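return atomic coordinates for the entry below.
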Amino acid sequence: MEILGNLRLKVGRMIIRRRISPFRRIRQEFNLEKVKRVGILWDASSENDFQHLAALTRELTQAGKSVEVLVWIHGKTVPDRLTGITYMKFLRQSDLNWLFVPTSEDARNFISSKFDLIIDINPDALFQLNAVVSLSSAPMKVGPDMATEPEKSPYDLMIRTPKPFSIASFIEQAMLYLAMISTPETRA
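Down below sits the predicted model:
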């Protein structure tokens, strides 16, 4: 059964690569202060990390940014703690096609949204969340540096965090580096 799952995953990766290959992203200057819409992808495997995600969304909202979060839920039901939060949409196993590509309306809406910034909190490099990031046209994508082949990564900025992965450390470093590259004095 594991062999069939791996084969489906390989075919899914190939399909995503084919879908994004004709698109060339235009390099743009990035300024965190000018960002209006932020999309966040979160692997909710550790529900204890919610407090850090909530603090990030609160910080971004207070800065006048619109925030939308797409959450990967491992089980069949959404935990009670996460229900009723208006800025969250959920992605479950039933929302994936046979090749593990997200096909739900929430995923399609997230992909087609015109975000200025996407922050992917995906420490296990889940394919379904990587597919959403890859298919999005956001001009700045930030994620953890977990790739063995960084050139195939969908991110513009990869943040390396100590093992085990800490969402608090990742968010702190991501926001620090985004602020750094936003100022003309610190750009390379």
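
what residues of stretch 46-59 count as buried?
Burial within stretch 46-59, assessed by neighbour count using 16 or more other CB atoms under 10 Å, is assigned to D49, F50, H52, L53, L56, T57. All C-beta atoms are positioned from the backbone trio N, CA, C, and that covers glycine.

list the contacts for L129?
Counting by CB atoms under 8 Å, 6 or more residues apart in numbering, L129 makes contact with L41, D43, L70, W72, L91, D120, N122.

in which helix or strand does it reside?
helix 127-135 (DSSP states H and E).

give the next helix or strand downstream of that helix.
Note on helix 127-135: by DSSP H and E, the next helix or strand toward the C-terminus is strand 141-144.

strand partners (parallel or antiparallel) of the very next helix or strand once past that following strand?
Once the chain leaves strand 141-144, the next helix or strand it forms, by DSSP H and E, is strand 157-159. Partners of strand 157-159 in the sheet, by DSSP bridges, are strand 141-144 (parallel).

for the partner strand, list the C-alpha coordinates in CSV.
Taking C-alpha atoms only, strand 141-144 is exported to CSV below (Å, rounded to 0.1, in the frame of the first residue of the first chain):
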residue,chain,number,x,y,z
LYS,A,141,6.7,33.3,-0.5
VAL,A,142,8.3,32.5,2.8
GLY,A,143,8.8,29.0,4.2
PRO,A,144,11.1,26.8,6.2
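
okay, D124 and S113: tell me how far apart.
Counting by CB to CB, to the nearest Å, the gap from D124 to S113 is 24 Å.

when those two are compared, which one has more neighbours?
Looking at D124 and S113 with other CB atoms under 10 Å, you find the greater number of neighbours at S113, namely 16 against 12.

with adjacent residues omitted, what lies nearest to the more buried one?
Across the structure, with CB to CB, 6 or more residues apart in numbering as the measure, the residue nearest S113 apart from its sequence neighbours is G39 (6.3 Å).

contacting residues for that neighbour?
Listed by CB under 8 Å, 6+ apart, the contact set of G39 reads V67, E68, V69, L70, F110, S113, F115, L117, I118, I119, S136, A138.

got a pLDDT number for A168?
Per-residue pLDDT puts A168 at 92.

and for R187?
In this prediction, R187 carries a pLDDT score of 56.

how about the strands in this structure?
Remark: strands of the chain, listed N- to C-terminal, are 37-43, 66-72, 88-91, 117-121, 141-144, 157-159; assignment by DSSP state E.

can you redo those strands as JSON lines with distance to M14?
As requested, those are exported to JSON lines (distance: least, CB to CB, whole Å):
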{"stretch": "strand 37-43", "distance to M14": "21"}
{"stretch": "strand 66-72", "distance to M14": "21"}
{"stretch": "strand 88-91", "distance to M14": "21"}
{"stretch": "strand 117-121", "distance to M14": "21"}
{"stretch": "strand 141-144", "distance to M14": "21"}
{"stretch": "strand 157-159", "distance to M14": "23"}
